[in-house]
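Colleague: 3D model of this:
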Amino acid sequence: MPANFDEIIDRRNTSSIKYDFAAERGYPKDVLPFWVADMDFRTPAPVIEALKQRAEHGIFGYTQPKDDYFTVLQNWFRTRHDWEVERRDLVITPGVVFAVATAIRAFTEPGDGVLIQQPVYYPFANMIRQNKRVLADNPLQLTDGCYTIDLRDFEQKILTHKVKLFILCSPHNPVGRVWRRSELEQLAAVCLRHNVIVIADEIHEEFIRPGFRHIPFASLSPEAAAVTVTCTSPSKTFNLAGLQISNIFIRNEDLRSRFKKELSATGYDEPNTLGLAGAKAAYEHGAAWLSELLAYVEENYARTKKFLAEHLPKVKIIEPEGTYLLWLDFRACGLSDEDLNGKIIREAHLWLDDGPIFGAGGSGFQRINIACPWATLETGLRNLANAFR
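Modeller: Below is the predicted model of the structure:
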C-alpha cells in the first residue's frame, strides 16, 4: 500500500524531543516545531512489522549483526551509490554524532586543529571545543544564492591551525549543497597532500533532489578511501533516530583499529537490538517507500517556494540540492538575530533553528524542516506570513 504522508500523527506525549520539550528548552509550550531533523512521517510498514516480530519474541539480550545484515547494507550502497563496501570496514555506533566525537578523540590530541565549513551542523563545533581541540573554520562562500568552497582558504587553514582532521558534511546541512565530484576531488587532493583524515558525515545521502547525485567521499579513489571515515545511518532516511544505530565504514585498517579502540573506551559494546532489526528491514524493503517520500518532500519544497514568493517575498530560499532542510535568508527583513528569532517564536509561534547556532555566516538565516504533512507545513508558513505582515 502507498504511504500516506498527508496523515497527521499526534506526536505529543510520546517523549518526543521535537514536540514535548519546548518548555524545558525555553520556548512556549504550544510552539509549532520545525527545528530538529526528524520527520513527522511513520516509518515504512516493513520496518514496523520487523520491529513487531522482534518485540513479540520477548527477549532483548545482547546482540551483534550477522552476515545477512551486512549483505543488505552492501546491496543498498552498491545499488544506490555505486559504492562497494566491505564487511571488515563496518563499525556500528549508536549514532553519527557519537561516531564523530569518537573519531575526534581517536585521531587527534587536545590542541590539534579540526576543520569544519560553517555555517554547518552545530554539534561539530561543540564536539571540537568540548574535546579541547582547536576549531578551524573554512567558511563557505555565498555568491548569487549558491554556497561554494574557498579551496585556497581551505588549504591555508590546514597549515595555519595544524589540522589533523576535517569533518565534511555531505550533503551539507544546513545550506543544502550536494557536492560535485570535482569539488570533492579537490578537497581530497589537499587532505592527502597534508595527511588530513576526513570524517565524511553522509547521513543525508538519500535526500538528493532531481538532477543531482550524492558521491560518497570514500568512493573517489583508493587513496581517498584510505583516509576516510564514512558515517551513514538509516536514522534520517527512514526516521529511525530513536533506535540509535549508525553504520560507519573505515577502509584503512590502522584508522579502523584506532577508532574501535576509542569506541571500546566509551564502554559501547553491542548495538541496540531493535535498531539492528529496524535498520535491516529498512535497507532491505524500504526503497519503494523512500521513492514516495522523496516525491512528497519535493512537492513540499515547490509549495513552500511558491508560498514564500507570494506572501513573504523578502524571505529568500537558498536553492537546495539535497536534505529536507531549507536554509531561509531573512536578511532583507532588517532585523537583528535576536529580534528575528523572537518574532518567529512569539508572533509566528514557530520553533525553527536560529541561523547563528550554525556558526560563521549564519546571521540573518533560519533553518526549517519541511519533512512533515503539507497541512502542518502550510500552517507554519501562514503563521510566518502573518507575523511578518
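Colleague: switch to C-alpha atoms for all contacts and neighbour counts from now on
Modeller: Fine.
Colleague: quick one: the strands in the stretch 1-150 of the chain?
Modeller: Taking DSSP state E, counting those that start in this stretch as the criterion, the stretch 1-150 of the chain contains strands spanning 32-33, 90-93, 113-116, 134-137, 141-143, 146-148.
Colleague: and among these, the most buried is which?
Modeller: Comparing the strands of the stretch 1-150 of the chain by mean neighbour count (mean count of other C-alpha atoms under 10 Å), strand 113-116 ranks first with a mean of 26.
Colleague: which other helices and strands contact it?
Modeller: Helices and strands touching strand 113-116, by 3 or more C-alpha pairs under 8 Å, 6 or more residues apart in numbering; DSSP states H and E, are helix 123-130, strand 134-137, helix 151-160, strand 163-169.
Colleague: want to throw the strands of the stretch 1-150 of the chain into a markdown table with mean pLDDT?
Modeller: Below are these laid out as a markdown table (pLDDT from 0 to 100):
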| stretch | mean pLDDT |
| --- | --- |
| strand 32-33 | 98 |
| strand 90-93 | 98 |
| strand 113-116 | 98 |
| strand 134-137 | 98 |
| strand 141-143 | 97 |
| strand 146-148 | 98 |
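Colleague: Can you add distance to Phe70 and give the helices and strands packed on strand 113-116 back as CSV?
Modeller: As requested, these are exported to CSV (distance: least, C-alpha to C-alpha, whole Å):
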stretch, distance to Phe70
helix 123-130, 28
strand 134-137, 35
helix 151-160, 35
strand 163-169, 24
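Colleague: which one of the ones you listed lies closest to Glu338?
Modeller: Nearest of the helices and strands packed on strand 113-116 to Glu338, taken as C-alpha to C-alpha: helix 123-130 at 20.9 Å.
Colleague: any residues touching that closest one, and which ones?
Modeller: With contact meaning C-alpha atoms under 8 Å, 6 or more residues apart in numbering, helix 123-130 is reached by 97, 100-101, 104, 114, 116, 134-135, 167.
Colleague: From the chain's centroid, how far away is that helix?
Modeller: Centroid separation between helix 123-130 and its chain, computed with C-alpha atoms, centre = their mean, to the nearest Å, is 15 Å.
Colleague: Would you mark the buried spots in it?
Modeller: 124-125, 127-128 (16 or more other C-alpha atoms under 10 Å).
Colleague: just stretch 64-84 next, same as before
Modeller: Across stretch 64-84, burial judged by 16+ other C-alpha under 10 Å covers 69-70, 72-76, 81, 83.
Colleague: ok, the closest residue to Val315 other than its chain neighbours - contacts?
Modeller: Nearest non-adjacent residue to Val315, counting by C-alpha to C-alpha, 6 or more residues apart in numbering: Phe330, 5.0 Å away. Phe330 is in contact with 314-316, 364-366, counting by C-alpha under 8 Å, 6+ apart.
Colleague: re the thing from before, could you dump the strands of the stretch 1-150 of the chain to TSV with distance to Leu377?
Modeller: Listed next are the strands of the stretch 1-150 of the chain as TSV, based on distance: least, C-alpha to C-alpha, whole Å:
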stretch	distance to Leu377
strand 32-33	10
strand 90-93	33
strand 113-116	31
strand 134-137	33
strand 141-143	27
strand 146-148	25
